[in-house]
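1. I'd like to go over a predicted model; first the sequence, then the structure.
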Amino acid sequence: MRVLHPVHPTETLLFRGKYRYLKDDLPTGDVETWQITRLADGTEIVRADLDGTSTRGENLITHFRRYPDGRPHWLRIRYRTETVNAAAQYTFDKASIRIARQSEGYGRRIETLEIAENYVIDYHSMIAHDYVWRGYPDDAEGEPRAVPVFSPDLWEADDEVLKGRALRFNITPRREEPCVTPAGVFNQADSFAITLSDGVEAVVWYNKKGIPLRWTYPLKGYEFILVAFQSGNEISPSL
């Protein structure tokens, strides 16, 4: 697993796993490896490595730090394709994000993006899709809710790549149900239906710790699924 910053000896490994990306039920070749650690003060660090070298040549390495209460602190990204080599850091405040980014061949850009309070972060790695589980309000009581979302833009051209977007996604809880994955059967998985800002619909399942188990785009044929998972005392030297 490639990382932006190595694991410090003071970090405790909580979870780690692997996702496979599929199109029309067939593997695309893209594989994501990830892990979540905790510091002594309760801060959590989520590292992810999306390796698409064998397919479209896209590689995304992320390092996300969140406060003990789950609020985002900062995010660092390295994104590479056949034509793009870019990096960025996002520092999260209550209702704004400070963005420092640079794409190879262009100057460094510093920007601030205003956003609604209580926003969540979608930074494209599958493990980052816990934002639905984390972002659905406790007081919504099963009703659909529009949730503010910040997302770095991977698909802009030239020096606009990794700029930030303020979006709103509609989230609707579904009933608990078993979720079967290659990593195991997860009984009473939490499930949600999501409508993205462009109208695309998705369905997702989580375990009780908020780990994404499976994410599907029913009308597009894409699916991202957990194929390996370890937690707590189950963690071994190899995944």
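-> Perfect, I can see it now.
2. Is His63 located within a strand, as I assumed?
-> Yes. If the criterion is DSSP: H, G, I helix; E, B strand; the rest coil, then His63 is within a strand.
3. now it: how far from Lys220?
-> Relative to Lys220, His63 is positioned 29 Å away (C-beta to C-beta, to the nearest Å). (Glycine included, C-beta is placed from N, CA and C.)
4. Between these two, tell me which one has more neighbours.
-> More neighbours sit around His63 than around the other of His63 and Lys220, counting by other C-beta atoms under 10 Å; the figures are 17 against 12.
5. counting contacts, what elements does the top strand by length along the chain pack onto?
-> Looking only at the chain and at elements set by DSSP state E, the strand with the highest residue count is strand 164-181. Using 3 or more C-beta pairs under 8 Å, 6 or more residues apart in numbering; DSSP states H and E as the contact definition, the elements that strand 164-181 packs against are strand 109-114, helix 131-135, strand 145-152, strand 184-195, strand 201-206, strand 212-217, strand 222-231.
6. change it to 6 Å
-> For strand 164-181, the packing partners by 3 or more C-beta pairs under 6 Å, 6 or more residues apart in numbering; DSSP states H and E come out as strand 145-152, strand 184-195, strand 212-217.
7. what's the average pLDDT for the last one?
-> This points to strand 212-217. Mean pLDDT, computed over strand 212-217, is 97.
8. which non-adjacent residue is nearest Ser197?
-> Across the structure, with C-beta to C-beta, 6 or more residues apart in numbering as the measure, the residue nearest Ser197 apart from its sequence neighbours is Leu167 (4.4 Å).
9. How about Arg56?
-> Nearest one to Arg56, counting by C-beta to C-beta, 6+ apart, is Thr81 at 7.3 Å.
10. Would you check that the one you found makes contact with Glu58?
-> Yes. Contact status for Thr81 versus Glu58: in contact at 5.0 Å, counting by C-beta atoms under 6 Å.
11. how near is the residue nearest to Arg56 to Asp198?
-> Distance of Thr81 to Asp198, given as C-beta to C-beta: 22 Å.
12. Tell me, how many residues neighbour Arg145?
-> The criterion is other C-beta under 10 Å. On that basis, Arg145 has 17 neighbouring residues.
13. what about it, distance to Arg165?
-> Here the criterion is C-beta to C-beta. By it, Arg145 lies 19 Å from Arg165.
14. rewinding a little: Thr81 and Asp198: which is more packed in?
-> With neighbours defined as other C-beta under 10 Å, Thr81 and Asp198 compare such that Thr81 has more, 15 against 6.
15. what's the pLDDT at that one?
-> 91.
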